[in-house]
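Asker: Build me a model:
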Amino acid sequence: MGLRFEIRASDSPWVDSVWTCASERVTTMTSVAGARLGLVFWEQAGVAHAAVTGPETRTGTAPVPEGAVFTGIDLAVGTTLRMAPTADLLDGGVTLPGTSRRTFRLDGARWETPGPDDAEALVERLVRAGVLDREPLVADVLRGHRPAFSQRTVERRFRAATGLTRGAVRQIERARAAALLLAAGAQAADVSAELEYFDEPHLARALRTYVGRTARQLREGAGGAIALEVAQRRTS
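Answerer: Residues are numbered from 1 along each chain as shown. Got it, this is the predicted structure:
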């Protein structure tokens, strides 16, 4: 497909996962909806780049340059950036200026460009400097806890932190989980039951909206390059 992904989970409460990707040729990639902010660093033809990526509400397509090598940090849901409200980064992001192989600029300061093995160390420095913050209510809600606030207050704080409603985050996370199960060989009927979709057509609509693939395409690895880390996933 022209893309080689590897991803690992993180023990950091601020980081969901760290991934790397190499593009073997010019291609178009299907992006998958996601509920997290991210930091992405890549190099192509000797030129370094960096960006902040925002949550994505739907699937889409994006060009991938030939011969580029990427390192990405997907932050935990509810993590925020001091430099910009998460809602302003929704379905987009910010390219960071002045990036070199060794450093990048974020929130008015220079930071050492990380590799996949020291991503958490960078995030810890950003947290200590106040560049990153988080809304603890988000994690509590996603774990099924009921905070001692009104539903209106919970929804307002949740949306301020994530740029999304609670319902949207649940739908996106469930669709991504379904896609990973299908890509690993699970049957659509089993995935639909396990993740409590109403029926298989309901699952199919979610996949079309958030993943850009059918259940069959995911099972067969068809449809071209996709930003979904499947067989290569490993724990830290």
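Asker: surely L3 meets C21?
Answerer: Yes: applying C-beta atoms under 8 Å, one finds L3 in contact with C21, separated by 5.9 Å. C-beta: built from backbone N, CA, C; applies to glycine.
Asker: just the helices in this protein please.
Answerer: Using DSSP state H, the helices of the chain run over 119-128, 136-142, 151-162, 166-183, 188-194, 200-210, 215-220.
Asker: would you list those in CSV and tack on mean neighbour count and distance to R110?
Answerer: Formatted as CSV, the helices of the chain follow (neighbours: other C-beta atoms under 10 Å; distance: least, C-beta to C-beta, whole Å):
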stretch, mean neighbour count, distance to R110
helix 119-128, 18, 11
helix 136-142, 18, 29
helix 151-162, 16, 27
helix 166-183, 19, 33
helix 188-194, 16, 45
helix 200-210, 17, 36
helix 215-220, 18, 41
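Asker: Now do the longest strand along the chain: distance to the chain's middle.
Answerer: In the chain, with assignment by DSSP state E, the single longest strand is strand 15-23. Remark: strand 15-23 is offset 9 Å from the chain centroid, using C-alpha atoms, centre = their mean, to the nearest Å.
Asker: angle of that strand against helix 119-128?
Answerer: 130 degrees (axes from the mean of the first three to the mean of the last three C-alpha atoms, to 10 degrees).
Asker: partners of strand 15-23 in the sheet?
Answerer: strand 3-9 (antiparallel), strand 69-75 (antiparallel) (DSSP bridges).
Asker: quick one, which of the helices of the chain is nearest to R58?
Answerer: helix 200-210 (6.0 Å; C-beta to C-beta).
Asker: I'd like to check what contacts that closest one. Which residues are they?
Answerer: 32-33, 58-59, 171-172, 174-176, 178-179, 182, 188-189, 191-192, 195, 197, 213-215, 218 (C-beta atoms under 8 Å, 6 or more residues apart in numbering).
Asker: Could you pull out the buried residues of the longest strand of the chain?
Answerer: By neighbour count on 16 or more other C-beta atoms under 10 Å, the buried set for strand 15-23 is V15, D16, S17, V18, W19, T20, C21, S23.
Asker: wait, which of those residues is closest to V64?
Answerer: S23 (4.7 Å).
Asker: Distance of that closest one relative to A68?
Answerer: Going from S23 to A68 by C-beta to C-beta, to the nearest Å gives 5 Å.
Asker: Tell me the span between the first and last residue of stretch 185-201.
Answerer: One end of stretch 185-201 sits 19 Å from the other (C-alpha to C-alpha, to the nearest Å).
Asker: Rounded mean pLDDT for it, please.
Answerer: Throughout stretch 185-201, pLDDT has a mean value of 95.
Asker: starting at the chain centroid, how far to that stretch?
Answerer: 23 Å.
Asker: Check stretch 142-161 too.
Answerer: 21 Å.
Asker: Same check on stretch 126-134?
Answerer: Offset of stretch 126-134 from its chain centre (C-alpha atoms, centre = their mean): 19 Å.
Asker: what's next to it, contact-wise?
Answerer: Residues outside stretch 126-134 that contact it (C-beta under 8 Å, 6+ apart) are 14, 75-76, 78-83, 106-107, 109, 111, 123, 161.
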